[in-house]
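>>> Quick one: sequence and predicted model below, then my questions.
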Amino acid sequence: MRRDDILRDVRTKLSKQSVINLLSSPLAFAVVAAGAGEWLLYTDRITYALWGHFLALFACLFAPLLVDDDDPAIRSFVLVPLFRLVNLGMPVFVADTLYWLPLVYGSLYPGIYVLATAEDTPTLGWNVRVAAAFLLPSVFLGGVLGHVEYALLEPTPLVATLTPTNAVAVAVVMVGFVALVEELVFRGLVQPTLVHRIGTWPGLAVTNLLFGAMHSAYASPRPSRSRRVSVWCSASSTRRRRVCSSRRPSTGPRTSFCSQSCRCTVRYSRSCENEARPARTVSPALGRAC
């Protein structure tokens, strides 16, 4: 009987009318608008990217007025455009990116709690035994992929020196804010609600494609080698150019100075006597790169 129920559910979700209803739903519009916003952000069209995420947020907020039922998938998806709008619009209260990240990620915790505690929000269905079985493989695979990512991106460190205090600060921010918020949003809320709404494989595909798109700023072109580097501010709808200082460190290997502009920091690293090489400092995870 259970097998018959599963087959009936699959046929219902794959029926022509259900596919048409899904593609014309506010959820589909929100997913497309958020994906388009990330593509525009990747191509450095910040204003249009903000409009894309605003339309996605608008669709999620006004969906209950357009459809009869209150879809948990739409409620959970509202955190995706909301995060990007907060990420691009949060003022820089502190110069260090490490201490700016908790302001962005921490602002999502109230919304995550409200959505996660709703009675009709589906879960991943995991228990302690399942989580323990995946713990060691996840740590190993994460370490391998982390080394590959570091080799490809060559990011500058978030802290100048790795002291015990800085190590604790990095661990708290990365684990308690960046990683935890991303996993709660995408794996804990968006993925199970999409799987419940459109099926297992389509839900996994949409979630992972969107998660990858929101990290695509890492692949943005690196700034060209020059003695002056322009940084485009992303916190306003109008582009404001901040030009780094032209003075040069005279001694010391890889001595660096920087100019802070919104989310980005451009550092000049003195690698030899006659050349200063600019290197990107990217905000971890979903933060936008210069």
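Arrived safely, thanks for sending.
>>> Counting by contacts, list what the helix or strand hosting residue 61 packs against.
Assessed by DSSP states H and E, residue 61 sits inside helix 46-66. If contacts are counted by 3 or more Cβ pairs under 8 Å, 6 or more residues apart in numbering; DSSP states H and E, helix 46-66 sits against helix 26-42, helix 72-77, helix 79-89. No exception for glycine: its C-beta is placed from N, CA and C like everyone else's.
>>> and of the ones you listed, who's closest to residue 153?
Set against residue 153 and scored by Cβ to Cβ, the helices and strands packed on helix 46-66 come closest in helix 26-42, at 14.8 Å.
>>> neighbouring contacts of the closest one?
Outside helix 26-42, the residues that touch it by Cβ atoms under 8 Å, 6 or more residues apart in numbering are 22, 46, 48-53, 55-57, 59-60, 62-63, 66-67, 71, 73-74, 77, 80-81, 84, 197, 206, 209-210, 213-214, 216-217, 219-220, 288.
>>> Mark which of these are buried, thanks.
Taking 16 or more other Cβ atoms under 10 Å as the criterion, what is buried in the contacts of helix 26-42 is 46, 49-53, 55-57, 59-60, 63, 71, 73-74, 77, 80-81, 84, 197, 206, 210, 213-214, 217, 220, 288.
>>> In the chain, what helix or strand scores lowest on average pLDDT?
Lowest by mean pLDDT, DSSP states H and E among the helices and strands of the chain is strand 230-232, with a mean of 33.
>>> need the contact list for the nearest residue to residue 102 once chain neighbours are set aside.
Excluding the flanking residues, the one nearest residue 102 by Cβ to Cβ, 6 or more residues apart in numbering is residue 177, at 4.9 Å. Going by Cβ under 8 Å, 6+ apart, residue 177 touches 101, 102, 105, 106.
>>> pLDDT added to those, as TSV?
Shown next, in TSV, are those (pLDDT from 0 to 100):
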residue	pLDDT
101	90
102	92
105	94
106	93
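>>> pretty sure residue 108 is touching residue 82, no?
Yes. Counting by Cβ atoms under 8 Å, residue 108 touches residue 82, with 7.4 Å between them.
>>> wait, is residue 145 part of a helix?
Yes. With DSSP: H, G, I helix; E, B strand; the rest coil as the criterion, residue 145 is part of a helix.
>>> Since that was my last question, I'll sign off now.
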